[in-house]
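> Coordinates for the following, if possible.
(one chain, ligands or ions: 2)
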Amino acid sequence: MKISIVGCGYVGCVTGVCFSDMGYEVILVDVDPIKVESINKGRPPIYEPGLEDLIRKNRERICATMNLKDAVYDTEITFIAVGTPSNGDGSIDLTYVLRACEEVGDVLKEKEDFSIVIIKSTVFPGTTDNRVRKVLEYTSGKKAGIDFGLGSNPEFLREGNAIHDFLSPDRIVIGAEDSRTADALKVLYSSIDSRIVMTSSRTAEMIKYASNAALATKISFANEIGNLCKTIGIDSRDVFMGVGMDNRISPAFFKTGIGFGGSCFPKDVRALVAGARANGIELNILNAVLKTNEAQPLRLLSLLQKHLPTLEGKAIGVLGLAFKPGTDDIRESRAFSVITGLISSGAKIIAYDPVAMENLKKIFPQITYASSARAVLEADAVLILTEWDEFEDLDYRGKIVIDGRRIEAARQNAAIYEGVCW
Ligand code: NAD
Ligand code: UGA
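Residues are numbered from 1 along each chain as shown. Ligands and ions are numbered 1, 2, ... in the order given. Below you'll find the model as predicted:
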C-alpha cells in the first residue's frame, strides 16, 4: 500500500516515518520547502527523539515533495495532517484542512483508481462528514463512499514520545462511513498490536476531543487541589500518588505544576467549548479547566515576589522554555505568561532551554539566552518551567528557586525553595 501524508509537522512527519517503518512506501507533502528538503536529506524538520534514526533506517521508502498532485495521484491512501489552529473565539480554523482537501479533490477528479482520504488533523465532530466531504465532492465531482473513500483517524501521540505512541498505541480509532475505507484502514494498521475502535467519523472526532479534554481536566483538577495542598502544608505529589492508586482513577496526568501547554490541550479544549456553545451547550467544567490553567503559571510570579518583592532591575533566570521536555515545541508554553509578567515587572531575564531557545528567540528577542543551564543560576532567582532531566544535575546550593515542575535537586538543595503546588 502506498501512502501520501499532507503536512509534515509533528504529526504528519511522525505518521509518515512510522508507516515507512511498517513497510509502506510513503510520500510526505508540505508547502514548506525547508521541511521537504530537510526530510529528503534524512533530517527531521522537527525535534523528536528517535525520528532521525527512523528516517535514515527507512530512507528508500520515504520521499518528501511539494507536489501534492503527483503524491495523491501515485498513492492509494492520503492522510491530511495539517494544522488546525484556534480562531479568536476558540473555534478551530479549518483553512489549512479545507485548502488541502480542495487540492486533493482536484486530483481525485483526474484519478480513475479508488482513492481514500483520511483526516488525521484534530477537527470538531462532524467536520469530516460535512465540510470536508462537501469540499472533496465539489472539487472532484465524485461521491464519497462510492467513487472515493473518506474517513477520520485521529492521532493520540504525545510529542517527545511520538514514535512509541504511534507504533504502540493504547487504541487506534477509525471512523468511516463506507466499508471499503474501514477495511483498508484495518489492513493498514494490522501489524500494530492494539485495540481498534471502529466507528463513524463524527464519533472518532469526538473521541479525540473528549480524550484531550479529559486529560486536561485531570491536570487542572490536580493543580487546584495542589494549590490548596500547598496553602495548608501538604505535598500534592503524595496526595495524587494515593489518589492514583484507585484503579478507577489511574495515576496518569496527575502531575501538579504550572499547567498544560502545547499545541493541543489548550486549543482542543477551547474548540470543544466554542463548538458546544455554537450548539447551545455551555461546557462549564471545561471553562473552569481553562481558567485554572491560565492562572497556574502566574502563581510562580507571586511566589517569587514573596522573596523578591521588587523585580525591577533584578536578574531572573528561567530554566525551560518548551511546553514540556523532549520537544522544541513552544506553542502555548507556560513560558509565555511567565516571561511577559517578568518583562512588565522590569526584571532582566536570562533564559535557557536545551532545544527550544531558537524558537523562543523569534518571539522574545529582547531577553538574554544563556549557553548553559548553569549560567542561568547566576541570576538573583531562578524559575523552573520545564522538567528537563539535565536540570536535576545542577547545583542549586545558595540559590532562590521557584519551581513549577518539581525538580528534586532544587527542592532538596536550594537555599530558598518554593514549589508551586508542594
Ligand atoms: P504542524 O503545524 O507541526 O504541522 C502542520 C504542517 O502542515 C506544516 O508543516 C505546514 O507547512 C503543513 N501544511 C499546511 N497546509 C498545507 C498544505 N495545503 N499542503 C501541504 N502541507 C501543508 O501541526 P501538528 O502539530 O503536526 O498538528 C497537525 C494536526 O494534528 C493538528 O490538527 C493537531 O491538533 C493534531 N495533533 C497534533 C499532535 C501533536 O502532538 N502535535 C498530536 C495529535 C494530533
Ligand atoms: C497531548 C496528549 O497527551 C496526546 O495524547 C495528544 O495526541 C496530543 O496532546 C495532541 O492532541 O496533540 P502533548 O501535548 O504532546 O500530547 O503532551 P502531554 O504529555 O500530554 O503534555 C501536555 C501538557 O500537559 C504539557 O505542558 C505537560 O507539561 C502538561 N502535563 C502533563 C501536566 O502538567 N501534568 C501532567 O500530569 C501531564
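> pLDDT at residue 1, what is it?
Listed pLDDT for residue 1 reads 89.
> distance of it from ligand 2?
Going from residue 1 to ligand 2 by CB to the nearest ligand atom, to the nearest Å gives 24 Å. From N, CA and C alone the C-beta is placed, and that goes for glycine too.
> Look up how far ligand 1 lies from that residue.
21 Å.
> Likewise for residue 46?
Counting by CB to the nearest ligand atom - residue 46 and ligand 1 are separated by 7 Å.
> Show me what from the stretch 251-400 of the chain comes close to ligand 1.
263-264 (CB under 6 Å from any ligand atom).
> rerun at 8 Å
With the criterion set to CB under 8 Å from any ligand atom, the stretch 251-400 of the chain comes near ligand 1 through 262-264, 267-268, 329, 331.
> what does the stretch 1-150 of the chain give?
Going by CB under 8 Å from any ligand atom, the residues of the stretch 1-150 of the chain near ligand 1 are 6-13, 29-32, 35, 45-46, 66, 68, 81-85, 92, 96-97, 99-100, 103, 120-123.
> now with 6 Å?
6-12, 29-32, 35, 68, 81-84, 96, 99-100, 121-122.
> In strands only, show me these.
6, 29 (DSSP state E).
> out of the residues of the stretch 1-150 of the chain next to ligand 1, which touch ligand 2?
residue 122.
> And the strands in this protein, which stretches?
2-6, 25-29, 62-65, 77-80, 115-119, 148-152, 171-176, 195-199, 315-319, 348-352, 368-369, 381-384, 400-403, 416-419.
> Throw these into a markdown table and include distance to residue 239, thanks.
Formatted as a markdown table, the strands of the chain follow (distance: least, CB to CB, whole Å):
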| stretch | distance to residue 239 |
| --- | --- |
| strand 2-6 | 43 |
| strand 25-29 | 45 |
| strand 62-65 | 46 |
| strand 77-80 | 42 |
| strand 115-119 | 40 |
| strand 148-152 | 38 |
| strand 171-176 | 29 |
| strand 195-199 | 31 |
| strand 315-319 | 25 |
| strand 348-352 | 31 |
| strand 368-369 | 36 |
| strand 381-384 | 21 |
| strand 400-403 | 17 |
| strand 416-419 | 13 |
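> Reformat those strands as CSV; add mean neighbour count.
Listed next are those as CSV, based on neighbours: other CB atoms under 10 Å:
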stretch, mean neighbour count
strand 2-6, 24
strand 25-29, 25
strand 62-65, 20
strand 77-80, 26
strand 115-119, 25
strand 148-152, 27
strand 171-176, 22
strand 195-199, 14
strand 315-319, 25
strand 348-352, 22
strand 368-369, 17
strand 381-384, 27
strand 400-403, 26
strand 416-419, 19
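> and the residue with the largest distance to the centre of the chain, what is it in contact with?
Centroid-distance maximum for the chain: residue 112 at 36.8 Å, with CA atoms, centre = their mean. Applying CB atoms under 8 Å, 6 or more residues apart in numbering, we find residue 112 in contact with no residue.
> Ramachandran coordinates for whatever residue of the chain ends up closest to ligand 1?
Closest residue of the chain to ligand 1, CB to the nearest ligand atom: residue 9 (1.8 Å). Dihedral angles phi and psi of residue 9 (degrees, to the nearest 10) take the values phi -90, psi -150.
> That one: what's it in contact with?
Residue 9 neighbours (CB under 8 Å, 6+ apart): 30, 35, 45-46, 81-83.
> Excluding residues flanking it in the chain, which one is nearest residue 335?
residue 321 (4.6 Å; CB to CB, 6 or more residues apart in numbering).
> who touches the one you found in this structure?
Taking CB under 8 Å, 6+ apart as the test, what residue 321 contacts is 330, 333, 335, 351-353, 356-357, 359-360, 385-386.
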